[in-house]
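Engineer: sequence unknown, structure follows:
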């Protein structure tokens with residue numbers, strides 16, 4: 001159920017917009033909102049409902065995915081990404097969309113998010129190539145922690161980290177991401193699109209180098225173990241998150257929407 005005004009909210013049994021969204025834990029604050037149809041009647045921000053739906057779809061997809069399904073999903077994601085960014089006006093590409101995760105850094109524009117997606121794709125390929133090469137679990141894990149940061153006591157288990165270790169890792173990753181975006185700040189849309197297409201094609205080419213059994217194998221990541229197929233498929237879900245954040249930032253007309 002879509003909630004777009006006070007009348008809808010009251011009919012849904014929500015007394016106040018101060019109630020917190022169960023997905024992002026922030027106050028509902030403003031419309032539109034979405035209420036599910038399940039027992040319990042959970043109300044979320046519209047953007048959070050979209051993000052949650054994407055999470056569920058990607059999780060189900062990666063659990064049951066085949067090589068053909070991964071290819072189809074990557075192709076659909078590529079179409080979605082290009083249609084979204086190439087469909088933005090020059091003004092929307094350049095105006096602030098979301099807050100940087102690095103304190104004091106300039107807000108991210110839509111173009112910055114597009115550049116980041118290329119880096120994200122390349123990072124994933126780097127990990128997958130190490131898996132294909134048969135490198136040790138420790139080597140695969142250490143690759144994923146930003147160079148120079150103090151390593152946590154336990155690698156490859158987000159839930160086992162202390163709050164301080166989690167914050168340190170988040171900030172180290174954010175700093176690396178910000179540095180990449182800064183370098184590509186003046187890239188044209190043509191350059192960004194070409195870089196994205198080249199990176200996505202390399203992902204597809206890499207997929208063909210894995211056997212079906214290897215796609216089901218587990219890979220250690222900073223947040224926990226995932227299958228190789230899941231790591232490939234994550235490339236389809238991650239751009240959707242960024243598109244959602246950009247749209248939410250534009251809707252708010254401010255830069256209080258964080259980058260992940």
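Structural biologist: Noted; the coordinates are in hand. Treat the numbers as computed from the prediction; the structure is a model and nothing was measured. Numbering: from 1, shown residues only.

Engineer: chain center to the helix of greatest length in the chain: distance?
Structural biologist: When the chain is parsed with DSSP state H, its longest helix is helix 228-252. Put simply, helix 228-252 sits 4 Å off its chain's centre (Cα atoms, centre = their mean, to the nearest Å).

Engineer: And for stretch 81-96?
Structural biologist: Centroid separation between stretch 81-96 and its chain, computed with Cα atoms, centre = their mean, is 18 Å.

Engineer: Quick check: buried residues in it?
Structural biologist: By 16 or more other Cβ atoms under 10 Å, the buried positions in stretch 81-96 come out as 81, 84-85, 88, 93, 95-96. Every residue, glycine included, has its C-beta placed from N, CA and C.

Engineer: again with stretch 210-229
Structural biologist: For stretch 210-229, burial by neighbour count (16+ other Cβ under 10 Å) applies to 210, 215, 219-222, 226-229.

Engineer: From the contact counts, what lies against the longest helix of the chain?
Structural biologist: helix 46-64, helix 67-86, strand 96-98, helix 110-132, helix 189-207, helix 212-215, strand 218-221 (3 or more Cβ pairs under 8 Å, 6 or more residues apart in numbering; DSSP states H and E).

Engineer: which of the ones you listed sits most buried?
Structural biologist: Highest mean neighbour count of the helices and strands packed on helix 228-252: strand 96-98, a mean of 23 (counted as mean count of other Cβ atoms under 10 Å).

Engineer: Going by contacts, tell me the helices and strands next to that one.
Structural biologist: Checking 3+ Cβ pairs under 8 Å, 6+ apart, strand 96-98 ends up next to strand 108-109, helix 110-132, helix 228-252.

Engineer: Need the helices and strands packed on helix 228-252 in a markdown table (columns: mean pLDDT).
Structural biologist: Listed next are the helices and strands packed on helix 228-252 as a markdown table, based on pLDDT from 0 to 100:
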| stretch | mean pLDDT |
| --- | --- |
| helix 46-64 | 55 |
| helix 67-86 | 94 |
| strand 96-98 | 95 |
| helix 110-132 | 96 |
| helix 189-207 | 97 |
| helix 212-215 | 94 |
| strand 218-221 | 92 |
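
Engineer: Of all these, which one is nearest residue 104?
Structural biologist: strand 96-98 (14.4 Å; Cβ to Cβ).

Engineer: What strands flank that closest one, and is each parallel or antiparallel?
Structural biologist: Strand pairing for strand 96-98, determined by DSSP bridges: strand 108-109 (antiparallel).

Engineer: How far does the partner strand sit from its chain's centre?
Structural biologist: 15 Å.

Engineer: Repeat that for stretch 93-104.
Structural biologist: 16 Å.

Engineer: Any idea how far apart the tips of that stretch sit?
Structural biologist: Length of stretch 93-104, first residue to last, Cα to Cα, to the nearest Å: 21 Å.

Engineer: One more: stretch 149-167?
Structural biologist: Terminal residues of stretch 149-167 are spaced 12 Å apart (Cα to Cα).

Engineer: so how far is that stretch off the chain centroid?
Structural biologist: Here stretch 149-167 is found 20 Å from its chain centre; the criterion is Cα atoms, centre = their mean.

Engineer: next one: stretch 121-130
Structural biologist: Worked out by Cα atoms, centre = their mean, stretch 121-130 lies 16 Å from the chain centre.

Engineer: which SS class is residue 18?
Structural biologist: Secondary structure state of residue 18, per DSSP: H, G, I helix; E, B strand; the rest coil, is coil.

Engineer: Setting the sequence-adjacent residues aside, check what's closest to it.
Structural biologist: Leaving aside its chain neighbours, residue 18 sits nearest to residue 27 (5.2 Å; criterion: Cβ to Cβ, 6 or more residues apart in numbering).
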